[in-house]
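S.K.: What follows is a predicted protein model with its sequence.
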Amino acid sequence: MWVFDLFYDVFEHFSDPKKRVFIGYVFISIGIAFLWLIVLKKLSVRQAFWKVFDKKVFFSRSSKSDYSVFLINRIFTLFISPLLITQMAIATVIFHLLHKIELFDINIFSNLSKIWIILFFTIFIFILDDVTKYFVHRWMHKWPILWSLHKVHHSATKLTPLTIYRTHPLEGIVFSLRGAFTQGVSISIFVYLFGNGVDLMTVLGANIFIFTFNVAGSNLRHSHIGIRYWGWLEYVFISPAQHQLHHSIDEAHHDKNFGASLAIWDWLFGSLHHSTDVESLTLGLDGAEHDGSHSLRTLYITPLKEVILHLLNNFKIAKKYIFKFGIYIQNKFFALVKQ
């Protein structure tokens, strides 16, 4: 019986509307891809079918690694999740801090209509969640230690919906903590200010904005179907082609389009790049399909080695400056004694 329970736990994201790879969202994305290829690209139904289900993509070494990493990471998550700090723990701490600060009276806005409370909370948590995803993603590219982990995701040379799970487990922990922090902050602040009327506006249990994002074809971001938006719209929302460009090896595309749902943060902080024809993009870290580039050893062990080396180097640098500072203080001390 435990085997069936484990199987369900590993693959539950495909049946959970809160997750991007929910089977319903996947089918909708396939439908959008067919419309794009038939109506705008003028392909026949047959051509569109073989384009969508391109075996060179789904049976590539890169994609096979995606499938393996998905299974391993899901099993790892089942064991590590209970050990991670939860959103309610964070919410409780912040809630008590707000009581001590007393910047605002508790339940100061509790008389507001419940529909407005739900609307404000839904918008607030969506925006906070999206902007924190942007900054953590950007840090993943900028900080060498974090990049050692994040480049596992960027090592994919073909994109499939399961590429979203192509992450090192340590990166998964970072983003889990980010999510717990975001939701904990939102819940604590709104319960403190608005009382027990706080709730999410949801569809099938998912935040209505996340649901809309997923229905609009979020799975196509990690795919070979380069759907582009109008130029003005790509200042607001990240198109699938914009995220595919984010995976390009071209230096002009490096450190561009970090946004999750909204492109506004990229626009504000100078990392926005409009989409291009994805057929001309080469994806991955160096564009080469090395025999070992998709091996589990490369994806799991190599990043750990790099992280350890970065930590040791940083320790050596810190140790050197601490030593110099000690010598400086010692000299100053002896100079004072001589006086």
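M.R.: Perfect, I can see it now.

S.K.: Now that residue 181 has come up, it's in contact with residue 132, right?
M.R.: Yes. Shown here, residue 181 and residue 132 form a contact pair, counting by C-beta atoms under 8 Å, at 7.3 Å. Backbone N, C-alpha and C define where each C-beta goes, glycine included.

S.K.: quick one, helices of this protein?
M.R.: Secondary structure of the chain, counting by DSSP state H: helices at 2-11, 23-35, 45-52, 55-58, 61-80, 87-101, 114-142, 144-154, 169-194, 208-215, 240-246, 264-268, 296, 302-338.

S.K.: Could you verify my assumption that residue 77 touches residue 172?
M.R.: Yes. With contact taken as C-beta under 8 Å, residue 77 and residue 172 are classed as touching, separated by 6.8 Å.

S.K.: The spatially most central residue of the chain and residue 181: what is the separation?
M.R.: Centroid-nearest residue in the chain: residue 133, 5.8 Å away (criterion: C-alpha atoms, centre = their mean). Taking C-beta to C-beta, to the nearest Å as the measure, residue 133 and residue 181 are separated by 12 Å.

S.K.: do the same with residue 41
M.R.: In this structure, residue 41 and residue 181 are 42 Å apart, going by C-beta to C-beta.

S.K.: Neighbour count for the two, which is higher?
M.R.: A count of neighbours by other C-beta atoms under 10 Å puts residue 181 above the other of residue 41 and residue 181, at 18 against 13.

S.K.: so what pLDDT did the more buried one get?
M.R.: Reading off the confidence values, residue 181 has pLDDT 89.

S.K.: and residue 4, how many neighbours?
M.R.: Using other C-beta under 10 Å, residue 4 is surrounded by 8 other residues.

S.K.: If you could redo that for residue 152, that was the one I meant.
M.R.: By the criterion of other C-beta under 10 Å, residue 152 has 22 neighbours.

S.K.: tally of neighbours for the closest residue to it other than its chain neighbours?
M.R.: Taking C-beta to C-beta, 6 or more residues apart in numbering, and ignoring the residues beside it in sequence, residue 152 has residue 168 as its nearest neighbour in space, at 4.5 Å. Neighbours of residue 168 under the rule other C-beta under 10 Å: 22.

S.K.: Distance check, residue 168 against residue 57.
M.R.: Taking C-beta to C-beta as the measure, residue 168 falls 23 Å from residue 57.

S.K.: Could you do residue 140 as well?
M.R.: From residue 140 across to residue 57, the span is 25 Å (C-beta to C-beta).
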